[in-house]
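**Student:** show me the folded form of this:
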Amino acid sequence: MVRHNKNLYNLLKDDKGNVFILVAIFLVVLLGMTVFAIDVGSLYLNRRQVVNAADAAALAGAQEIIRAHQDGVTDDGGVRSRVNAVVVEYLGYHDAELIEVTESDGSEIRANSETVRVVADKRADLFFAPAFYALLGSQSAETSIVGAYATAKLDPPSGVKNLVPFTIPDGYYDGDGNYIEYTYTKGDIEYLKHESMQKDIMPGFFGLCAFHTDDKKDPGGSILEERIINGYPGLISVGDVISTEPGGTIGKVRSGVNTRMDNGDTIIWVPIFDNRDQDTSGRETITVVGFASFELLGYCNSTKAVEGRFIEDLAVGSPDSNGDNDSLLRIANLIE
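**Tutor:** Here you go, the predicted structure:
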């Protein structure tokens, strides 16, 4: 018994060859850490790429619904085809593949859809995992699939930049004193600046506004003309109270409209105002309740009116996710 215990003690004491075992174990651990650092990092990078791709594709798909309407495509199949095409295009920028594109509730895209949900994936290369598993006597795939989804929604904007100083009312009072909301339809031609005082609007108001207090200090009309040509650079929001521009200011309005038309910049955004707060003495301010987009048709010398054709358009501003305003514009924003 003593001899056996002594032999066991000598065996444990003899460390010849143990270093090779420790080195082998260390190499396996090191390789495993390398696999984790590089391949997991690659998976994370590809995951971020497919997330970005899904986000961009969903936004582009929602915007394409509006653009399809602008091009006269109003049937479900035509809009769905346009949305699918642009979603695939944007996913392709990141080498991602489309799994499905639907509304947020999973139903098919329709002409009147307001949400677009994109599900996509991407095949990511694994660099060291196959070799590591082979060392352990196992097999591993050389690629892995990473996926993502995103949903975009068309919301009315709470604020818009680059507005021009024309306005349209949200409604009018009929002969019985009832307030009737206007319905603006794509293709309708509307007065953006009236040829004469409109008794159903307000006394002394021709449809012009001043977005800023400095704009109001403009006896010569030069600021008004510049705003017509380039738009107001600041952000106008729903609920803002802005000043009206008294009188017709014919010369500056005509010059501004003609210059903008000559520049080929005919798409304009205008505020919609609440037309219920009226009195016989007129007023100097209006309250913004929404926004609309028009194709500027020009200034009519005989009637002294500015006309525009109502269109659907996307706005530059911030979305109002509650949708609690009268805007006829829409902003595409991510909701998941």
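
**Student:** now the helices for the stretch 101-250 of the chain?
**Tutor:** Here the stretch 101-250 of the chain has its helices, by DSSP state H, counting those that start in this stretch, at 129-135, 213-216, 222-230, 250-262.

**Student:** the longest one vs helix 222-230, what angle?
**Tutor:** Pointing back at helix 250-262 there. 20 degrees (axes from the mean of the first three to the mean of the last three Cα atoms, to 10 degrees).

**Student:** what helices and strands are in contact with helix 250-262?
**Tutor:** Helices and strands touching helix 250-262, by 3 or more Cβ pairs under 8 Å, 6 or more residues apart in numbering; DSSP states H and E, are helix 222-230, strand 285-300. Yep, even glycine has a C-beta here, placed from its N, CA and C like the rest.

**Student:** what stretches of the stretch 201-336 of the chain score poorly on pLDDT?
**Tutor:** Residues of the stretch 201-336 of the chain meeting the criterion pLDDT under 70: 201-204, 213-220, 247-248, 277-283, 312-328.

**Student:** R80: which of the helices and strands packed on helix 250-262 is closest?
**Tutor:** strand 285-300 (24.0 Å; Cβ to Cβ).

**Student:** show me where the stretch 151-300 of the chain has its strands.
**Tutor:** All strands of the stretch 151-300 of the chain, identified by DSSP state E, counting those that start in this stretch, fall at 157-163, 168-169, 171-173, 179-181, 189-193, 205-210, 232-237, 241-246, 267-273, 285-300.

**Student:** and among those strands, the most buried is which?
**Tutor:** Across these, averaging neighbours per residue (mean count of other Cβ atoms under 10 Å) puts strand 205-210 on top, at a mean of 25.

**Student:** now tabulate the strands of the stretch 151-300 of the chain in JSON lines and tack on distance to E226.
**Tutor:** Formatted as JSON lines, the strands of the stretch 151-300 of the chain follow (distance: least, Cβ to Cβ, whole Å):
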{"stretch": "strand 157-163", "distance to E226": "12"}
{"stretch": "strand 168-169", "distance to E226": "21"}
{"stretch": "strand 171-173", "distance to E226": "31"}
{"stretch": "strand 179-181", "distance to E226": "33"}
{"stretch": "strand 189-193", "distance to E226": "16"}
{"stretch": "strand 205-210", "distance to E226": "12"}
{"stretch": "strand 232-237", "distance to E226": "9"}
{"stretch": "strand 241-246", "distance to E226": "13"}
{"stretch": "strand 267-273", "distance to E226": "14"}
{"stretch": "strand 285-300", "distance to E226": "16"}
